Structure formats: structure tokens, C-alpha cells
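>>> Just a sequence and a predicted model for now, questions to come.
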Amino acid sequence: MKKITIVGIGMGNPRTLTEEAKRTIEGSRVLIGGRRMLEGFRGKDALCVEAVSPEDILKAVEKEDQEEFTVLMSGDVGFFSGAAKLARQAAERGFQVESLPGISSLQYMCARLCIPWQDVSIVSLHSGDREFTGTVRTSDKTFILTGGERTPAYICERLWEAGLGNVKITVGERLSYEDERIVSGSAEELRGKEFKSLCSLLAENSRPLRPEYRWVMDEDLKRGSVPMTKEEVRAVIMSKLRIREDDTVWDVGAGTGSVSVEAALNAPRGEVFSVEEKEEACRLITENAQSFGLSNIRIIKGRAPEALEELPPPHKVFIGGSGGKGREIIEAALRKNRQAVVTAAVITLESLEDMRKGMEEQGLEETDIVQLWAARGEKRGRYHMMKAINPVFIITGRRRGESEG
């Protein structure tokens with residue numbers, strides 16, 4: 001049986017290898033890894049094979065007439081590493097697999113700064129443009145793995161735009177190498193600075209926003225002539241959605257973005273996708289998001305359900321306007337995530353029945369319906385009178401037995 005040993009080699013400098021990793025590499029006849037991983041080990045007796053993806057690595061293993069192979073991976077095998085996927089696929093093909101840990105960039109950088117890392121929040125931008133400003137906003141310390149166009153300058157620019165320009169930023173450039181450089185400053189100070197591609201970043205927020213429920217009053221929102229879900233109705237909607245801090249939320253038919261804003265405030269580490277086809281409404285959503293300093297709202301201009309095709313799977317879905325396509329919207333959401341919770345606000349009995357049937361057809365066995373009447377007190381001369389808000393039905397569907405606690 002062929003054996004694969006996956007070795008975490010740290011940041012890249014061979015001096016940061018563990019003793020066990022050194023012994024394994026020195027005793028290996030075949031080393032497999034990316035070009036940078038192999039740099040410090042060429043010229044030895046071992047055959048060096050360049051391969052990065054699990055598929056290419058396993059092809060190399062099957063091709064070579066050897067029994068033991070060593071795969072080199074940067075950092076630690078358990079820290080944003082391809083080791084787990086490789087180990088799973090190798091085991092499926094009948095290979096024996098062993099993993100050896102290495103020093104991660106998080107461990108190394110925090111050690112260089114003499115700070116503990118057990119309470120650090122972690123965000124990786126290696127594979128895409130994930131939302132990170134909410135994590136920085138709510139955390140004492142956030143470690144960010146940069147990647148591609150998500151450079152330290154880009155990250156600092158985004159933080160500055162989100163009102164986090166005073167956050168302390170430390171950039172670790174080419175950690176462990178001879179030309180290692182560590183630079184500190186505020187996000188505002190570093191937003192125009194250039195760094196080499198191999199970087200990690202630590203953001204330290206001395207005044208983090210602690211997670212708690214945050215609500216929005218109607219008078220704090222810009223409205224124009226676009227319909228807006230009133231705060232009394234939003235309170236019930238939010239209680240039904242039970243949004244968590246890292247949820248992905250769809251707000252379909254977002255209007256002024258009142259639900260989007262409240263959802264984004266309560267999902268600082270998640271993202272809210274505001275789907276709206278009207279130009280004026282999209283402008284108002286932008287203005288309302290900016291006035292609350294929110295950078296985790298993404299405006300999707302278009303008509304649902306077509307505009308939903310490219311969105312990531314949602315945890316929570318709110319339908320504030322369906323254009324008669326309620327069933328199709330529910331189907332589109334649950335096709336991406338069958339565990340999603342769907343809440344809709346409608347005015348007519350026909351729309352309510354359309355939503356109810358749509359939820360039933362998609363297997364949302366647990367539905368609850370609330371009809372909400374609310375009235376606000378207004379002063380008229382010497383008297384106070386109650387002014388009614390239009391009654392609304394709020395329907396929520398979820399799969400039976402699932403807790404959103």
C-alpha cells in the first residue's frame with residue numbers, strides 16, 4: 001500500500017520546520033508540492049514533483065514507482081490548507097495517509113508581535129472577496145489572510161470606507177524569510193501602501209462593537225417615494241428570521257433597504273443581498289447602508305427570481321416584494337439551501353395563499369402566519385390619536401425539527 005505523508009512546512013523558510021518534518025523530508029525519495037514549497041529542498045536526493053491540486057498530486061503518486069511520498073504544504077495542515085481534501089481523496093483510493101503539523105502564519109506572526117492568538121478572529125481572502133469589515137468591527141483582533149487583488153492596501157481602503165480607519169493594522173510581509181518585513185499603522189495610514197504579494201494582516205480594534213440585537217428607527221432611514229417596511233413590522237420579521245451574526249441573508253424586493261439595514265447590523269460577519277429592480281430604490285438602499293456605515297450589503301439590481309441565480313446560498317430569506325413570483329422565489333432560495341428559513345410580508349389574501357402554497361410545495365412543513373395591526377399615537381392639538389399602519393400578513397416557513405435558537 002502506498003503511503004502519503006502530508007507535511008506542513010510553515011511559511012516557507014526551512015528553518016521553521018519541526019524536527020519531525022525535517023526527518024520526514026530528509027528521508028523521502030519523492031517530494032510533491034507547489035513551486036514555492038519545493039524551493040528550499042531542490043538539489044537533494046529526492047525527486048521533486050510540482051503539483052498543487054489533490055487530483056494532480058494523486059496522479060503523481062499513482063505514476064511513480066515508489067511506496068512512500070511526502071507532500072509539502074505551506075503553513076499548518078489544519079489552517080486553511082488543502083490537506084483535508086487531499087487526505088480524504090487519498091483514503092478513498094486506498095492510500096495510507098499521515099499528516100504532520102507545521103507553524104501557521106497566524107502562530108508565527110502573533111509570536112513575532114508577542115501577543116496571544118487564542119482569541120483572534122480569522123478571515124481568509126485566498127479564494128474570494130469575503131466580507132471582513134464586520135468581523136473587524138466586532139472583534140478585538142482579526143487575522144486576515146490576503147490573496148490576489150485583496151492586498152493590504154485594498155483591505156485598509158475597505159476598512160477606512162467602513163468607518164474603521166483608526167483600527168491598528170500590522171502587515172507581515174514574507175514572514176520567516178530573510179527579507180521579512182513587519183509594518184504597523186492605522187488602516188487610514190496604510191491604505192495607499194504597497195506590499196509584496198506574500199502577506200498576512202492583523203487588525204486590532206480597541207473599541208469593538210459587541211454582538212447584541214440592533215434595531216433601526218424609521219426616522220433614521222431615507223425613504224423618498226419608495227414603500228418602506230415600518231419598524232413595528234420589521235420587529236416581527238426579525239423575530240421570525242432570527243438572524244445570526246454570520247448569516248447570509250436575501251432581502252428580495254428590498255425597497256428602501258430598511259430590512260436589509262437591520263439584517264446587516266445583526267449579521268456583521270455575514271452578508272445581505274438586497275434584490276431590487278427600481279433605480280430609485282437601489283439609490284436609497286445605497287444611501288441608507290452608507291449612513292449606517294455598513295459594507296456588508298450587496299445591492300443586486302434586477303427582478304426576482306432571475307436576479308437570484310448568481311447569489312450564494314442563503315441562510316435566511318425575506319420577501320418584501322415578489323411581483324407575483326412568490327413561489328418561484330421560494331423555489332430559487334431552497335434550491336440553493338434546503339435548510340433556509342423564509343419569511344414574507346404580504347398585504348392581500350391572494351399573496352398570502354401564494355406564499356403558503358410555495359412553502360408547502362418546497363417542503364417547509366412548519367409555517368406560522370401572523371396578521372399584524374399596529375397604530376402609532378399622534379398628537380392633534382390638545383389630543384392624542386392613534387393612527388393605524390396598514391395591516392400586514394407575515395408568513396414564515398422552515399423545515400420541521402430544525403432549531404434556529
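Everything's here; your move. Keep in mind the model is a prediction, meaning the values are calculated, not measured. Numbering: from 1, shown residues only.

>>> now the helices for the protein?
For the chain, the helices defined by DSSP state H cover 19-26, 35-38, 54-63, 83-92, 105-112, 133-138, 152-161, 187-190, 231-241, 258-266, 279-291, 326-336, 349-361.

>>> closest to residue 317 out of those?
Minimum separation from residue 317 across the helices of the chain (C-beta to C-beta) falls at helix 326-336, 4.6 Å. Just so you know, the C-beta spots here come from the backbone N, C-alpha and C atoms, and that holds for glycine as well.

>>> Give me the buried positions along the closest one.
Buried positions in helix 326-336, judged by neighbour count with 16 or more other C-beta atoms under 10 Å: 326-330, 332-334, 336.

>>> Rebuild the helices of the chain as JSON lines, extending it with distance to residue 298.
Below are the helices of the chain laid out as JSON lines (distance: least, C-beta to C-beta, whole Å):
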{"stretch": "helix 19-26", "distance to residue 298": "42"}
{"stretch": "helix 35-38", "distance to residue 298": "34"}
{"stretch": "helix 54-63", "distance to residue 298": "31"}
{"stretch": "helix 83-92", "distance to residue 298": "28"}
{"stretch": "helix 105-112", "distance to residue 298": "28"}
{"stretch": "helix 133-138", "distance to residue 298": "13"}
{"stretch": "helix 152-161", "distance to residue 298": "13"}
{"stretch": "helix 187-190", "distance to residue 298": "21"}
{"stretch": "helix 231-241", "distance to residue 298": "18"}
{"stretch": "helix 258-266", "distance to residue 298": "9"}
{"stretch": "helix 279-291", "distance to residue 298": "10"}
{"stretch": "helix 326-336", "distance to residue 298": "15"}
{"stretch": "helix 349-361", "distance to residue 298": "24"}
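
>>> nearest to residue 56, of the buried residues of helix 326-336?
Checking those against residue 56 by C-beta to C-beta gives residue 336 as the nearest, at 30.0 Å.

>>> Give me the domain ranges for the chain.
Residue ranges for the domains of the chain, per automatic domain parsing: 3-103, 106-204, 218-398.

>>> Any chance of a markdown table for those domains, columns distance to residue 210 and mean pLDDT?
A markdown table is the format used below for the domains of the chain (distance: least, C-beta to C-beta, whole Å; pLDDT from 0 to 100):
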| stretch | distance to residue 210 | mean pLDDT |
| --- | --- | --- |
| domain 3-103 | 27 | 92 |
| domain 106-204 | 7 | 92 |
| domain 218-398 | 10 | 93 |
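
>>> that older thread, so for residue 219, which of the helices of the chain sits nearest?
Closest among these, using C-beta to C-beta: helix 231-241, at 9.2 Å.

>>> how far off helix 258-266 does the closest one point, in degrees?
50 degrees (axes from the mean of the first three to the mean of the last three C-alpha atoms, to 10 degrees).

>>> out of the helices of the chain, deepest packed?
Of all the helices of the chain, helix 258-266 has the most neighbours on average by mean count of other C-beta atoms under 10 Å, namely a mean of 27.

>>> Kindly format the C-alpha coordinates of that helix as PDB.
The C-alpha trace of helix 258-266 is given here as PDB (Å, rounded to 0.1, in the frame of the first residue of the first chain):
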ATOM      1  CA  SER A 258     -35.000  49.000   5.800                       C
ATOM      2  CA  VAL A 259     -34.900  45.200   6.400                       C
ATOM      3  CA  SER A 260     -31.500  45.000   4.700                       C
ATOM      4  CA  VAL A 261     -30.000  47.500   7.100                       C
ATOM      5  CA  GLU A 262     -31.400  45.900  10.200                       C
ATOM      6  CA  ALA A 263     -30.300  42.400   8.900                       C
ATOM      7  CA  ALA A 264     -26.800  43.700   8.100                       C
ATOM      8  CA  LEU A 265     -26.500  45.300  11.600                       C
ATOM      9  CA  ASN A 266     -27.300  41.900  13.100                       C
END
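
>>> In terms of secondary structure, what does it contact?
Contacts defined by 3 or more C-beta pairs under 8 Å, 6 or more residues apart in numbering; DSSP states H and E place helix 258-266 against helix 231-241, strand 248-252, strand 271-276, helix 279-291, strand 297-301, strand 316-319.
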